[in-house]
Structures are given as C-alpha cells and as structure tokens.
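Trainee: next come a sequence and a model predicted from it.
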Amino acid sequence: MAGLVRIRLICSTVAVVVIIIAAIVGEFTALPAAKTAAAAATVVFMLLEAVALTRGGHIMLAFCLAATVVTLAIHPHGGEVVMHGLNSAAFVIGLFAAVSLLRDAAETSPLIQRCGDVMVRQPPGRRYTVLSVGSHLIAVILNFGVLTLLGVMVQRGNTLDAAGGDQRIADIRKQRMMTALLQGFAMMTVWSPLSVSFAVMQAAIPGVDLAHLLPVQGVLTVLLLLLGWAIDRLTFPPGLRGTITTPLPKPAEPPSWAPMGQLVLLVGSVITAVLGMAWLLDIRPVISAMVVVPISAWLWLAVQVWHSSPLLAPVLATRRLARRLEISMPAFRTEFAVLGGATFFGAVAAAYLTPSTIADLLAHVALPPILLTIALVWGMMVAARYGVPQIVSATLIGNGLSGLATHGIHPLVLTSGLMGAWALSACTTPVGAATLSIARQSGVSTKVVGRDWNGRFVLSGSVVVAVWMVVLRAFLH
C-alpha cells in the first residue's frame, strides 16, 4: 500500500511539472500541443489526488464535472469551451505551483526566521506597522506560508505571563497582531505579479497595460495599508490601551534591522527579474514569474548550503528542490482543486455570457458606467462574503465584459477595482484560506476574524476602492 501511495505522489508531481513546462512552452511557441499537454496533465493530477481531497475540494470538482456535462450537452461549441476552461485552470495551477517553489526555499531560510523575530518584538506604537509591512513583503515570496510562519511567532511571544497575567491584554495583543498579519498578506494581492489575482485579471480583462497597472496598484496598496494602520490606531488609541503599551519580552540584545533590509533586497530582486524578463521578451509577467521563481528558489537553496559545502551546493540545492517538489506539489492538491476548479468553472460559465447578452443586460441597468463598475466590484465582495471564490466572480466579470470600452468602462479602472476588492475580500470571506488560517491559529471562529476583527477595515476599504476608481477614471479621461 505504501508503495502505491509513493507511486501516486511521484506521478502527481510529474503531472504538475508538466503543467508548468507546458504553460511556459505554450506561451513562447503557441503550439496547440502544449495546451493539450497542460490540460491533460491537469486532469491526470485531479484523478490521482481526488481521493485525498478535502470536502471543499470535492465540492469544487463536483461543480466542475456538472458544468462539463451540461456544456458538452447543450453548448454548440461545448468541446472548445471545456478545453478553454481546462487550459485556464492549468495555467493558474502552473503559476501557483511555480511560485510556491520560492516558499519551499523560504521555509528553510534563517533570514525569514530572523525577519519574523524582528517583527514580533516591536513596541505597541509601531507593532501594527512593522507586522503588516513585514507580512506584506514576506507574502510576496511565501504566499499563505507567511501566516503560519509569523502566526506561530506571534502566539509564542504573546503569552499570559508576557501580558502580566491579564487575559484582556493578551486577547487585544492577539487581535492586533494577527489582524496586522492578515491585512498585510491580503494587500499583497493588490499589486504583486506573483499573485494569482494578478494572473487571473490579466487573462480575464484584455487591454490593460502593465506599465500603467503596476504604478496604479502600488498607490492603491499604500492607501489600503495606511487605512489598516489608521483603523488600528482608532480602535486601540494610546489612551485606551493603558498597560498594553508595554512591549512583548525582548531578547537579551535588540534584534538588528539588517534582516529586513536583506528581505527588501531579495523581494525587489525577484520582482525586478520577473518584470525585466517580461519587458525584454515581451511576455506577460506571470509567464516570466513561472521561469524566474523556480530559478530563484534553486539559487536561494544553493546559498543556504554554500558555507557548509561550496563545491556541492548546486547538487545539494537540486536534490533538496526535487525532494520538496515531491512533498509540496501533492500537498497542494486542495489548493489546486479550488483555484483550478474555480478558474475552470468561471471560464465555462463565461461562455454563456456573450457580448450581446451583456449589452442587453447593461441596457436595462439605469446606472452611469462608473457606478456600474463600482457595483460590479462591490458585488464580487458580497459574493465572496457568502462563500463564492473571488476567482469565479473575477473571471465571470472579466470574460463577460470583453468589450469594456463599448460599455463606457475603462479596463484599467475595472481591473484596479477588482484587485482591490479581491484583497479586501480575503480578510472577510469565511471560506478563504487566509481567514481560516488566522482563525485556527487564534482559536476563534472565521466569523470573529472576518466581522469583528476586519469588518471596519473591509467596509472602509470598499469605500476607499470606490473613491479610487472614480478618481482614476477622471484622471484617465
């Protein structure tokens, strides 16, 4: 039995590697065989790992199977629609898998551990800022892993003894620090070329120039991070905190800020390499990320073993990366099922929303284009609050509104708004991996995390995003 399990895991890993390679080859060569290989590998992986999926993964696959059967039965181009959905799912899975390799390298890096120690050992006055910004930076390379890494450190430092025996103080500290981690992580999806949201929006909404999108999203990210800081200060003003202004226990020597500088340099180098390759080769940043990130992960692993074995560092790094592939790729089965399944379902559903159908619907909506755009963005947030994955809503909205200009909706405005709403929704959706992780580590329900801890931030953020869209549209016109 153990031997069969091992064979299954190896085959699953090979399938994911095929997805990554086929997605890259397909982008550079436009060979139909590459897309076919990626789609076939996706189906193979799901068949191999279906037995080990969680309930959420099984539900998503059931929806995808139902959509496939219905589409093949009633849609005049059912086969093409299903293949398009599989190709879209394969691409998102390939991107997530490739980017996750950097996380595997980060998990064994002393640098990340030192950065985490610096962040959790801050006085209350700057604790939120350092934790949210630090979580934001580490999330670029660790993705969801940052919540586990820093969450464990926060829980370890936030003891009842450290709070002077006052449970109220310990609970307030937990809320503030875990909220900072979640919000910092979530805001990464507003701008990062390594995020799934970036890939989905670029694929779903055509006509968005990267040179315009990145600066716009950078400004929006700063605005939302500042909003989180302001709400934290208003919720826990210094006069109200009283004894909770005492810092967490400090180490014998104050931690150096040098690791944070090294982290900024590392993240900046990876992002620069991704964008530089995209510009030089005239390809989408998500494709260059699928090339650059695995190479960066290998180099990072080689650096980690360089001092002990300089000559063997390349070999040891290759072996460790291969071992991590075999462990981490099958372990992402549920993430692949949910992300890939949501992408597939959204792409198939969008095939029923023809431009003429959308035009007829919009003709009956008595709203100016900008208000309609804001309504769509807020609609995605509401849907996410009730369990509809953002990736489904974003794909439907993007693919359904293929002729954005004809409806008076600027593609950049809609893309910016949806990415901001996606990030805000990650702080409140009850089925999101981020809120589930924070709730589990904090010992509270997702309802507490989404409503009590982040409700004010998300509601205020939705207003900020709406105002931002209005200003951006005015500037573009």
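Mentor: Looks like it came in fine.
Trainee: how about the strands of the protein, start to end?
Mentor: With DSSP state E, there are no strands along the chain.
Trainee: tell me which helix or strand in it has the weakest average pLDDT.
Mentor: Ranking every helix and strand in the chain by mean pLDDT, DSSP states H and E puts helix 238-241 at the bottom, with a mean of 54.
Trainee: show me what counts as buried in stretch 466-477.
Mentor: By neighbour count with 16 or more other CB atoms under 10 Å, stretch 466-477 contains the buried residues 466, 468-470, 472-473. In this view, the C-beta of every residue, glycine as well, is placed from N, C-alpha and C.
Trainee: so which of the residues you listed are in helices?
Mentor: 466, 468-470, 472-473 (DSSP state H).
Trainee: out of those, who's nearest I24?
Mentor: L472 (32.7 Å; CB to CB).
Trainee: once you drop chain neighbours, what's closest to that closest one?
Mentor: V413 (5.3 Å; CB to CB, 6 or more residues apart in numbering).
Trainee: low pLDDT regions in the stretch 351-477 of the chain?
Mentor: 354-356, 358-360, 362-363, 399-407 (pLDDT under 70).
Trainee: quick one, helices of it?
Mentor: 355-363, 369-385, 390-400, 411-425, 433-442, 446-447, 455-476 (DSSP state H, counting those that start in this stretch).
Trainee: any chance of these in a markdown table, with distance to G57 too?
Mentor: Putting the helices of the stretch 351-477 of the chain into a markdown table (distance: least, CB to CB, whole Å) gives the following:
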| stretch | distance to G57 |
| --- | --- |
| helix 355-363 | 31 |
| helix 369-385 | 18 |
| helix 390-400 | 14 |
| helix 411-425 | 20 |
| helix 433-442 | 12 |
| helix 446-447 | 18 |
| helix 455-476 | 26 |
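Trainee: neighbours of R385, just the number please.
Mentor: 16 (other CB atoms under 10 Å).
Trainee: again, but for P32
Mentor: 10.
Trainee: how much space between S393 and I271?
Mentor: Using CB to CB, to the nearest Å, one gets 27 Å for the distance from S393 to I271.
Trainee: compare these two (neighbour count), which wins?
Mentor: The neighbour count for S393 versus I271, taken as other CB under 10 Å, is higher for S393 (24 against 20).
Trainee: grab the nearest non-local neighbour of that one.
Mentor: Per CB to CB, 6+ apart, closest to S393 is M380, 4.0 Å.
Trainee: and what of A67?
Mentor: Nearest non-adjacent residue to A67 (CB to CB, 6+ apart): V348, at 4.8 Å.
Trainee: and for D104?
Mentor: That would be R324: by CB to CB, 6+ apart, it lies 4.1 Å from D104.
Trainee: max-length helix in the protein?
Mentor: helix 78-107.
Trainee: mind listing what's buried along that one?
Mentor: 78, 81-82, 84-106.
Trainee: could you tell me the angle between it and helix 390-400?
Mentor: 140 degrees (axes from the mean of the first three to the mean of the last three CA atoms, to 10 degrees).
Trainee: just how off-centre is helix 78-107 within its chain?
Mentor: 13 Å (CA atoms, centre = their mean, to the nearest Å).
Trainee: stretch 340-355 now?
Mentor: Using CA atoms, centre = their mean, the distance between the centre of stretch 340-355 and that of its chain works out at 20 Å.
Trainee: which residues are contacting it?
Mentor: 42, 46, 57, 60-61, 63-64, 67-68, 71, 75, 77, 81-82, 84-86, 88-93, 200, 389, 391-396, 398-400, 402-403 (CB atoms under 8 Å, 6 or more residues apart in numbering).
Trainee: for stretch 385-393, buried residues please.
Mentor: 385, 388-393.
Trainee: tally of neighbours for the spatially closest residue to L225 that is not a sequence neighbour?
Mentor: Once flanking residues are discounted, L225 sits nearest to M187: 5.6 Å by CB to CB, 6+ apart. Counted by other CB under 10 Å, the residues lying close to M187 total 29.
Trainee: who's in contact with M187?
Mentor: 132, 136, 221, 224-225, 228, 423.
Trainee: most neighbours of all those, which one?
Mentor: A423 leads the contacts of M187 on contacts (other CB under 10 Å) with 27 neighbours.
Trainee: hmm, that residue is touching S192, no?
Mentor: No. In terms of CB atoms under 8 Å, A423 does not count as a neighbour of S192; the distance is 10.2 Å.
Trainee: what bits of this structure have low per-residue confidence?
Mentor: Those would be 1-2, 120, 156-165, 238-255, 354-356, 358-360, 362-363, 399-407, if you go by pLDDT under 70 across the chain.
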